[in-house]
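K.L.:
Okay, sequence plus prediction incoming.
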Amino acid sequence: MNITLEMILTNFFNEHPEADTGYKKNEHPLLGIHLLPKHPDTLTPDYLYISDCYNEKYLTEIPSSISVICLLPDSDITSSFPNVIILHSDLELAEAFNCLQKCYNDFVEWGRQLDFAVFRNASFQEIISLSESMLPAPVLVYDPALKLLAYSRNYTSLKDPLFQNAVKNGFLDINAVKYFEQSKTFERMNLSGSAESEADSVRGHADFIQTINIQNELAVYCIMLYLDDLSRSYVHQLFHILCQSFRKLLENQHSTFLRDRSVTDYFLMDLLDNPDTSREQIKERIFYNDLDYEGNFCVLSICSDVRKKSAEKYFIQHLRNNMINCRIFSYKESIVILYLLPKSAVSSYKNYLTEHLHPVFHDFSGNHIQIYVSRPFLTIGDFSAAYIQAENVRKILSSGEPKAEASVFFFEDFWIQDLLFQNPVKNKTLFYCEPCLLELREAHTEKSRKRLRILYEYLNHDRNYTAVAEKLGMHRNNVIYHIRSLEEEFHMDLNCPETRLKMLLSFKILSAGNFPSFYDK
């Protein structure tokens, strides 16, 4: 850590506000603090020197590159040398020397703690937590998908909406990004990764922002909210120290990981790590990714004998070159693919995938490739559930012998085994019920319960609008309106027998899973 004169004096004046000086900012790094010796020949620019007298004849012999503090109680004395600082204080020399030495040692200890945190691969949050006593402003750290990685926890009373919304939501929301875009903060960040935004009428403080890059690859955003309590130059120096620690941590822990990941891959992996992420958050965050929320998707989980990192990276690159419309990344012990199906292939996706995957994996047939495929889904909100489907197929088949060539296994061929043997009862709704029913049930409003009841009776009465209307005491046109509204909102075709069967099975599962009144009025 480079410890400068400004850093030492700023902390000194925080502890001794009665002291006064006219010192100019000096960012030259120092290696320590010494008492001013009798002979100037031993002085070096790497140290700060302190004295309790002001001898102009002696000071004239000191090179301008050496910083000297003269401790004097007389406020009328001013320095005629640019490198000599007059510190007006009643402190004795020994006391002032000890105070300055303590300020220096505090920074040395902070640097030691940061280095040790990097050495043991600490988290971003740990580094911020051990820095909170030194940093004079709150900090937010994001990944490229704008997920909040860490923040200063001792600023709970801060009224700034960017900070509070980030802590509440766990990611940088649209309003915050629009604010930065309007202030052109992100535009002004270059690949070396730093920008400062001035305070304005919307926010009563400024921001220091840095993109922490590794080998010109985007890594994380670090934002410090400048609150004007201390000089901008001092705060920027501390912010730079923190960012350097983050850079070392990333280089030490995640360099390979970061090189192989795009913003969208971060986003998808975060969904796998946090399967309970709400649809509202997903819809908001997907704004920053090259993905559409809706589509005809399925998840492929690939296991193979390709274990070495170099070989796995080549394997993933081969897949990306041959499956250009897919998102492909390594996750845990498998390779995950978010596969976008052509609309025409959805109804026969098994045959389509089997045909198209064979030539892609042909060159790796000796690596015992096994591909586990979820059933198709319509929104990114179902990505984590689909991944669990694919993984459950792998678990069901884990006792089987690996095939010599690439083999494709579909969840819909094994869902009965999964239903009966793989999962505890409390999780069955996640895997087997149609998402639209779960969404309506979770809403738990009078309207959602009414819509569930109408849909259930419509399926149970073999799509007879008149019978449903009589059963529920409604007008027939009202029933037609609700059914068409459900089909449009959830993109389902109730004219399809398979769709109706899945819906009825989902209702049965909900009824059997201790939810006997899920569609009551």
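P.N.:
Happy to help now that I have it.
K.L.:
Tell me which residues touch the closest residue to D382 other than its chain neighbours, please.
P.N.:
In this structure, D382 finds its nearest non-sequential neighbour in P435, 5.7 Å apart by C-beta to C-beta, 6 or more residues apart in numbering. Glycine gets a C-beta too; all of them are placed from N, C-alpha and C. Counting by C-beta atoms under 8 Å, 6 or more residues apart in numbering, P435 touches 377-379, 381-382, 385, 490.
K.L.:
likewise S51?
P.N.:
35-36, 68-71, 93.
K.L.:
Now flag whichever of those is closest to E196.
P.N.:
Closest approach to E196 among the contacts of S51 (C-beta to C-beta): I69, at 29.6 Å.
K.L.:
where's I62 relative to A117, distance?
P.N.:
39 Å (C-beta to C-beta, to the nearest Å).
K.L.:
Who has more neighbours out of these two?
P.N.:
Neighbours per residue, other C-beta atoms under 10 Å: of I62 and A117, the larger number sits with A117, 20 against 17.
K.L.:
Could you look up the SS state of that one?
P.N.:
Of the three states, A117 takes helix under DSSP: H, G, I helix; E, B strand; the rest coil.
K.L.:
Skip the chain neighbours and tell me the closest residue to it.
P.N.:
Spatial nearest neighbour of A117, excluding adjacent residues (C-beta to C-beta, 6+ apart): I127 at 5.2 Å.
K.L.:
Does the one you found touch F246 like I think?
P.N.:
Yes. Using C-beta atoms under 8 Å, I127 is in contact with F246, at 6.9 Å.
K.L.:
Could you tell me which of the contacts of S51 count as buried?
P.N.:
Buried by 16 or more other C-beta atoms under 10 Å: 36, 68-71, out of the contacts of S51.
K.L.:
tell me the mean pLDDT over the strand or helix carrying L501?
P.N.:
L501 belongs to helix 497-512 when assigned by DSSP states H and E. Averaged over helix 497-512, pLDDT sits at 81.
K.L.:
What residues of it count as buried?
P.N.:
Buried, per 16+ other C-beta under 10 Å, within helix 497-512: 500, 502-503, 506-507, 509-510.
K.L.:
quick check, nearest of those residues to V299?
P.N.:
K502 (18.2 Å).
K.L.:
wait, what's in contact with the closest one?
P.N.:
E434.
K.L.:
Let's see that with 10 Å instead.
P.N.:
375, 432-434, 437, 492, 496 (C-beta atoms under 10 Å, 6 or more residues apart in numbering).
K.L.:
which residues make contact with stretch 121-132 from outside it?
P.N.:
For stretch 121-132, using C-beta under 10 Å, 6+ apart, the contacting residues are 110, 113-114, 116-118, 120, 135, 138-143, 148-155, 220, 222, 238, 241-242, 245-246, 248-250, 252-254.
K.L.:
Okay, the residue most central in space within the chain and L130: tell me how far apart.
P.N.:
Residue closest to the average C-alpha location in the chain (C-alpha atoms, centre = their mean): K147, at 2.7 Å. The gap separating K147 from L130 is 22 Å, by C-beta to C-beta.
K.L.:
how near is the residue nearest to D382 to M503?
P.N.:
Using C-beta to C-beta, one gets 11 Å for the distance from P435 to M503.
K.L.:
Quick check: neighbours shared by the two?
P.N.:
With C-beta under 10 Å, 6+ apart as the test, P435 and M503 both reach M492.
K.L.:
The residue of the chain positioned farthest from its centre: which element?
P.N.:
Distance from the centre of the chain peaks at K57, with 59.4 Å (C-alpha atoms, centre = their mean). Remark: K57 resides in helix 56-60, with elements defined by DSSP H and E.
K.L.:
for the stretch 251-400 of the chain, what spans make up the helices?
P.N.:
255-259, 263-273, 279-285, 309-322, 349-361, 383-396 (DSSP state H, counting those that start in this stretch).
K.L.:
Which other helices and strands does the last one contact?
P.N.:
Right, helix 383-396. Judged by 3 or more C-beta pairs under 10 Å, 6 or more residues apart in numbering; DSSP states H and E, the packing partners of helix 383-396 are helix 263-273, strand 294-303, strand 334-340, strand 370-373, strand 377-379, strand 407-410, helix 415-417, helix 428-432.
K.L.:
one more time with 7 Å, if that's ok
P.N.:
helix 263-273, strand 294-303, strand 370-373, helix 428-432 (3 or more C-beta pairs under 7 Å, 6 or more residues apart in numbering; DSSP states H and E).
K.L.:
ditto for the second one
P.N.:
Using 3+ C-beta pairs under 7 Å, 6+ apart, the elements in contact with helix 263-273 are strand 327-331, helix 383-396.
K.L.:
what residues does it touch?
P.N.:
143-145, 147, 277, 285, 288-291, 327, 329, 331, 338, 383-384, 387 (C-beta atoms under 7 Å, 6 or more residues apart in numbering).
K.L.:
still on that earlier bit, N296: which of the buried residues of helix 497-512 is nearest?
P.N.:
Looking across those and measuring by C-beta to C-beta, the closest to N296 is K502, at 16.1 Å.
K.L.:
any idea how far that closest one lies from I454?
P.N.:
Taking C-beta to C-beta as the measure, K502 falls 18 Å from I454.
K.L.:
residues of stretch 81-100 that come out buried?
P.N.:
By 16+ other C-beta under 10 Å, the buried positions in stretch 81-100 come out as 83-89, 91, 96-97, 99-100.
K.L.:
Distance check, I282 against Q210.
P.N.:
Applying C-beta to C-beta to I282 and Q210 gives a distance of 28 Å.
K.L.:
just to revisit the earlier point, and the residue nearest to the centre of the chain, how far is that from V220?
P.N.:
If you go by C-beta to C-beta, the gap between K147 and V220 works out to 10 Å.
K.L.:
again, but for S448
P.N.:
For S448, the distance to V220 - C-beta to C-beta - is 39 Å.
K.L.:
Comparing those two, which residue is more hemmed in?
P.N.:
V220 (26 against 16).
K.L.:
Who are the contact partners of the more buried one?
P.N.:
Taking C-beta under 7 Å, 6+ apart, one finds 141-143, 149, 212, 246 in contact with V220.
K.L.:
got the angle between the helix or strand harbouring it and helix 263-273?
P.N.:
Using DSSP H and E, V220 sits in strand 217-226. Relative orientation of strand 217-226 versus helix 263-273 (axes from the mean of the first three to the mean of the last three C-alpha atoms, to 10 degrees): 80 degrees.
K.L.:
on that earlier part again, okay, and which of the contacts of V220 map to strands?
P.N.:
141-142, 149, 212 (DSSP state E).
K.L.:
Just name the lowest-scoring one in those, pLDDT-wise.
P.N.:
Lowest confidence among the ones in strands among the contacts of V220: I212, with 83.
K.L.:
What about that one, how many residues nearby?
P.N.:
Residues near I212, counting by other C-beta under 10 Å, number 23.
K.L.:
now E181
P.N.:
Neighbour tally, E181, other C-beta under 10 Å: 11.
K.L.:
Repeat that for V346.
P.N.:
Neighbour number of V346 under other C-beta under 10 Å is 14.
K.L.:
Nearest spatial neighbour of it, chain-adjacent residues omitted?
P.N.:
Among residues not flanking V346 along the chain, N296 sits closest, at 4.9 Å (C-beta to C-beta, 6+ apart).
K.L.:
got a list of what that neighbour touches?
P.N.:
340-341, 343, 346, 376, 378.
K.L.:
from the residues you listed, which is closest to I483?
P.N.:
Distance to I483 across the contacts of N296 (C-beta to C-beta) is lowest for L378, with 18.4 Å.
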